[in-house]
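Enquirer: Fold the following.
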Amino acid sequence: MISLAEPSNFSLYVGVNTTLFGVRGMIGPSLGTLLYTTGALSLGNIFWLISGLLAFGAVVLFVFSRLVRKKEPTAVRAAT
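Expert: Got it, this is the predicted structure:
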């Protein structure tokens, strides 16, 4: 995500990335533990849920990066 930032917005992207990384680190383990201890999902199903969320995030980031790259002029793309 940071590699998609324009130089003028780089610090903003780094800040958002770091914040979301911290939020994920606080919520993810707690939510997984809650789902497992309450019996809502088995450990295997929690694994598949996490795998699906990671794959979904990768696809969204890939599509977003392709859209951003199409909007860039060719000269700028060649320089990066």
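Enquirer: Can you classify residue 40 by secondary structure?
Expert: Judged by DSSP: H, G, I helix; E, B strand; the rest coil, the three-state class of residue 40 is coil.
Enquirer: what's the distance between it and residue 67?
Expert: Residue 40 is 36 Å from residue 67, where distance means C-beta to C-beta, to the nearest Å. Bear in mind the C-beta positions are built from the backbone N, C-alpha and C, glycine included.
Enquirer: Repeat that for residue 53.
Expert: Going from residue 53 to residue 67 by C-beta to C-beta gives 21 Å.
Enquirer: And the helices in this structure?
Expert: 10-37, 43-71, 74-79 (DSSP state H).
Enquirer: Can you lay out those helices as CSV showing mean neighbour count and mean pLDDT?
Expert: What follows is the helices of the chain, written out as CSV (neighbours: other C-beta atoms under 10 Å; pLDDT from 0 to 100):
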stretch, mean neighbour count, mean pLDDT
helix 10-37, 11, 90
helix 43-71, 11, 88
helix 74-79, 9, 53
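Enquirer: How far off centre is stretch 24-31?
Expert: 14 Å (C-alpha atoms, centre = their mean, to the nearest Å).
Enquirer: Show the contacting residues for the residue nearest to residue 42 when sequence neighbours are not counted.
Expert: Closest residue to residue 42 apart from its sequence neighbours, by C-beta to C-beta, 6 or more residues apart in numbering: residue 36 at 7.8 Å. Neighbour list for residue 36: 42, 43, 46 [criterion: C-beta atoms under 8 Å, 6 or more residues apart in numbering].
Enquirer: if I look at the residue most central in space within the chain, how far off is residue 5?
Expert: In the chain, the centroid-proximal residue (C-alpha atoms, centre = their mean) is residue 57; its distance is 5.2 Å. According to C-beta to C-beta, residue 57 and residue 5 sit 18 Å apart.
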